[in-house]
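K.L.:
Structure for this input, please:
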Amino acid sequence: MHRLPTLFVPHGAPTFALDPGAAGAVMIDAAAALPRPRAIVIISPHWDTDVVSVGSAETLATIHDFYGFPQALYELAYPASGSLEASHAVIAAIAKAGLPVVEVPSQGLDHGAWIPLRLMFPNADVPVIPLSVQSHLGVQGAYTLGRALVPLVDQGFLVIGSGNLTHNLGDYRIARQNGGKVPAYVHDFPDWLAEKIMQHNISALLDYRQQAPDAVRAHPSDEHLQPLYAALGAAGNMPHIERLHTGISDYVLAMDAYAFHPVH
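P.N.:
Numbers count the residues shown, from 1 in each chain. As a prediction, this is how the structure comes out:
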C-alpha cells in the first residue's frame, strides 16, 4: 500500500473557515494530490486529555467550541463519519507501543479538526478518527505518540496534526490595540523550527523551550505546537521534509504547513 505523507496544517482562528486565503489554498492542493486514505487520524490541540484518547463515533458531531464569532460560523457543519475498525486499529497501534490509551465513542470534531478537514476533504467521504493531545506531557509526549502511529502510515492511514506554530492570544490583543504590528518572534520562531526540522535535529526540537528564540512567548502553553511533533514522529526516521506554506494570520498566528514524507 502507498505510504502517505503525514501532515501538519494550521487551523488559525475560527474565521479561517470563512476566509482560508493562501494557507487554505495550499491545504486544498496538498489534499487533492494524495491517494485516497484508508482513514484520517486528526490530532487537534482542542481535545486535550490526561490519557491518549481515540474517538470511535460512527457519526462525528461538528463541535462549535468558540464564542463571539460571526453567526455564519455556527451554521457550518462537517458531516464526517468514523470507522470502528479504523479506530480499533489506532488503539491497537498505540497500545502496542506501550502507551495507555482509551476509546471514546462519543467524541466529535472540535474546530481544530473540522476546519482543516472541511477544506481538505470537502466531501467528507473518508473516515475520520479523532486523537487527543496530552498537553501535560509536552512535545516529547506528542513525538512519542507520533512514533506509535508509524505502523498506521504503513497501512494507508493519513495522520494530520492541526495547530499553529505560534499561538499567543495575549499578544493578539496587544497587536490589535497597537495598529496591528506583527511581533518579530512570529517570523523568527517558525524559521528556527524549520531549520531544525530540515536538519532532522530532533534533540533541539524537543528542547525548543530552552533553545528557540522567544519560545515561551511564542507558546505560553504548547498544546498548539504538539500536533507538529506528533505528525513528525508518525513519519518515522529521517523523512523527506516539505515546508508547504509560510504566512501569518491575525498578527500572531504563524500559518506554516508541512508534509513529512516517509522514506522507504
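
K.L.:
Show me the contact partners of the lowest-mean-pLDDT helix or strand in the chain.
P.N.:
Least confident helix or strand, the chain: helix 169-177 with a mean of 90, by mean pLDDT, DSSP states H and E. For helix 169-177, contacts defined as C-beta atoms under 8 Å, 6 or more residues apart in numbering pick out 181-183, 217, 220, 250-253. In short, each C-beta sits where N, CA and C put it, glycine included.

K.L.:
Just the residues you listed: which are in strands?
P.N.:
Leu253 (DSSP state E).

K.L.:
May I ask which two of the contacts of helix 169-177 are separated the most?
P.N.:
The largest separation in these, counting by C-beta to C-beta, is between Lys181 and Pro220 at 19.2 Å.

K.L.:
Buried residues in the least confident helix or strand of the chain, which are they?
P.N.:
Using 16 or more other C-beta atoms under 10 Å as the test for burial, helix 169-177 gives 171-172, 175.

K.L.:
Pro45 belongs to a helix?
P.N.:
No. Counting by DSSP: H, G, I helix; E, B strand; the rest coil, Pro45 is located in no helix; its state is strand.

K.L.:
Serialize the buried residues of helix 169-177 to JSON lines and add fields for distance to Leu137.
P.N.:
Output for the buried residues of helix 169-177, formatted as JSON lines (distance: C-beta to C-beta, whole Å):
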{"residue": "Asp171", "distance to Leu137": "25"}
{"residue": "Tyr172", "distance to Leu137": "26"}
{"residue": "Ala175", "distance to Leu137": "30"}
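
K.L.:
which phi and psi does Ser135 have?
P.N.:
phi -60, psi -30 (degrees, to the nearest 10).

K.L.:
Can you classify Leu158 by secondary structure?
P.N.:
Strictly by three-state DSSP, Leu158 counts as strand.

K.L.:
Which residue is the nearest non-sequential neighbour of it?
P.N.:
If the residues on either side of it in the chain are set aside, Leu158 comes closest to Pro37, at 3.7 Å by C-beta to C-beta, 6 or more residues apart in numbering.

K.L.:
For burial, what's the neighbour tally of that neighbour?
P.N.:
A count of nearby residues for Pro37, using other C-beta atoms under 10 Å, gives 21.

K.L.:
cool, the one 4 residues further on as well?
P.N.:
In terms of burial, Val41 registers 29 neighbours under the definition other C-beta under 10 Å.

K.L.:
How about the one 4 residues further on?
P.N.:
Here the neighbour count serves as a burial measure; for Pro45 (other C-beta under 10 Å) it reads 25.

K.L.:
how about it, what does it touch?
P.N.:
Pro45 makes contacts with 112, 133, 135, 162-163, 223-224, 226-227, as judged by C-beta under 8 Å, 6+ apart.

K.L.:
residue ranges of the strands in the stretch 1-150 of the chain, please?
P.N.:
6-10, 39-48, 52-55, 101-104, 128-133 (DSSP state E, counting those that start in this stretch).

K.L.:
Against Ile241, how distant is Gly170?
P.N.:
Taking C-beta to C-beta, to the nearest Å as the measure, Gly170 falls 31 Å from Ile241.

K.L.:
For Pro14, which non-adjacent residue is spatially closest?
P.N.:
Phe66 (4.8 Å).

K.L.:
pLDDT wise, what is Met1 at?
P.N.:
Met1 carries a pLDDT score of 55 in this model.

K.L.:
quick one: which of the buried residues of helix 169-177 is nearest Ile202?
P.N.:
Out of those, the member with the shortest distance to Ile202 (by C-beta to C-beta) is Asp171, at 28.0 Å.

K.L.:
Quick check: that closest one vs Pro45, distance?
P.N.:
Computed as C-beta to C-beta, the Asp171 to Pro45 distance reads 17 Å.

K.L.:
do Ala234 as well
P.N.:
Between Ala234 and Pro45 the computed distance is 16 Å (C-beta to C-beta).

K.L.:
for Ala142, what are its contacts?
P.N.:
Applying C-beta under 8 Å, 6+ apart, the residues near Ala142 are 43, 133-134, 226-230, 233.

K.L.:
Could you report the neighbour count for the closest residue to Ala22 other than its chain neighbours?
P.N.:
In this structure, Ala22 finds its nearest non-sequential neighbour in Gly247, 5.9 Å apart by C-beta to C-beta, 6+ apart. A count of nearby residues for Gly247, using other C-beta under 10 Å, gives 16.
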